[in-house]
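Chemist: After the sequence you'll find the predicted model.
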Amino acid sequence: MDVERLKRFQGCLVGVAVGDALGMPVEGKLRGHIRGQYGVLREMVDGYRPAGNITDDTMQTLCLAESIAEVGEFNPDDAAKRLLEWYRTDPFGIGNHTMQVMVRVNKGMDWRNAVKEVERVNAPWTAGNGSLMRCSPIALRYCRDISKLLESSRESSLLTHANPLCQDSCAFFNAVLSRVLLGWDKKDALSFAMELLAHSSHEILDRVQDMLHKSEEEVSTSGFVLDTLECALWAWWHHDDFEEALVTVVNLGGDTDTNAAVTGALLGAQYGLESIPQSWREKVRWRDDCTVSDKCIALATRLYELAEED
Ligand SMILES: [Mg+2]
């Protein structure tokens, strides 16, 4: 067993949870508002939910991770079933687009038809970050199988977000993440993804080029999928410390929990489980009785084993 690699897998999923919980209290707030209220927000505080609570970002990531861990592969029908089970728990923080899909599936519509209908109803405003935020377990499972990585990343987006920009963003992000999990340096990981997805939408490639040179003030932070992709890649590229990267992202405002969850996946994979502050790891909660970090670590370990068998 490659212990250093295992710690990258574990850091990835725990990174999602701590990013989500750190960003939860200030989701939707502007930078100036956060500065006025907290100075610099560096700890998990009470917000829409008690301090340390996770939201839909982590819960949907866990749905996908649990599905892969039990089935052994990414199976969209099984993952869709788990998302529906999660929806039936009356979850906190569910995005509007995903909600519209789930309402239909809950009434008995096939998930593929539900996604098509919501895509049609909401077009062209259908490129939210709701599938990007949960896609990291695909990279954990398929870091050694690039064609499955690309295919399953796109399929995992299709569970709710059929927009090609969402599908391509998941594929691009996971292409980078998969190399990071294998221990590649940042420059090589990014070049790999750029080449692999050279024929995807030019908006993605332009954003990636732009983020290399953007300052903190220029980074996009909305719930648009390209903004979240840019924000996470920017934070990863320009920081060499897990905590500082996440603190920076959350204090930029906007869709803070999702931006920090996606950033956390990448930084956690880059620097490993131990780079995540112990106090954050202990504080992330799912309801009152369950430590999310333990759940993330167990699932990441299982996905590591499955990936190593390839
Ligand atoms: Mg959320």
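Modeler: Thanks, I have it.
Chemist: Spit out the contact partners of residue 46.
Modeler: The contact partners of residue 46, taken as CB atoms under 8 Å, 6 or more residues apart in numbering, are residue 25. Bear in mind the C-beta positions are built from the backbone N, C-alpha and C, glycine included.
Chemist: Next, give phi and psi for the residue in the chain that the ion sits nearest to.
Modeler: Here the residue of the chain nearest the ion is residue 55; by CB to the ion that distance is 3.5 Å. According to degrees, to the nearest 10, the main-chain angles of residue 55 amount to phi -130, psi -160.
Chemist: swap in residue 285?
Modeler: Per-residue torsions, residue 285: phi -130, psi 150 (degrees, to the nearest 10).
Chemist: Also the one 10 residues further on?
Modeler: Residue 295 has phi and psi values of phi -60, psi -40 when expressed as degrees, to the nearest 10.
Chemist: Not counting its neighbours along the chain, what's nearest it?
Modeler: Leaving aside its chain neighbours, residue 295 sits nearest to residue 62 (6.7 Å; criterion: CB to CB, 6 or more residues apart in numbering).
Chemist: Pretty sure that neighbour sits against residue 293.
Modeler: No: between residue 62 and residue 293 there is no contact under CB atoms under 8 Å: 11.8 Å.
Chemist: Quick check: residue 306 touching residue 74?
Modeler: No: counting by CB under 8 Å, residue 306 does not reach residue 74; the two are 10.4 Å apart.
Chemist: What's the local residue count around residue 11?
Modeler: By other CB atoms under 10 Å, the residues close to residue 11 number 31.
Chemist: so how far is the helix or strand harbouring it off the chain centroid?
Modeler: Take DSSP states H and E as the rule and residue 11 turns out to sit in helix 3-23. Centre-to-centre, helix 3-23 and its host chain are 11 Å apart (CA atoms, centre = their mean, to the nearest Å).
Chemist: right, and the helix or strand after that helix?
Modeler: Using DSSP H and E, the helix or strand that directly follows helix 3-23 along the chain is helix 31-38.
Chemist: Residue numbers of the stretch 51-200 of the chain in contact with the ion?
Modeler: Proximity of the stretch 51-200 of the chain to the ion (CB under 5 Å from the ion) is limited to residues 55-57, 93.
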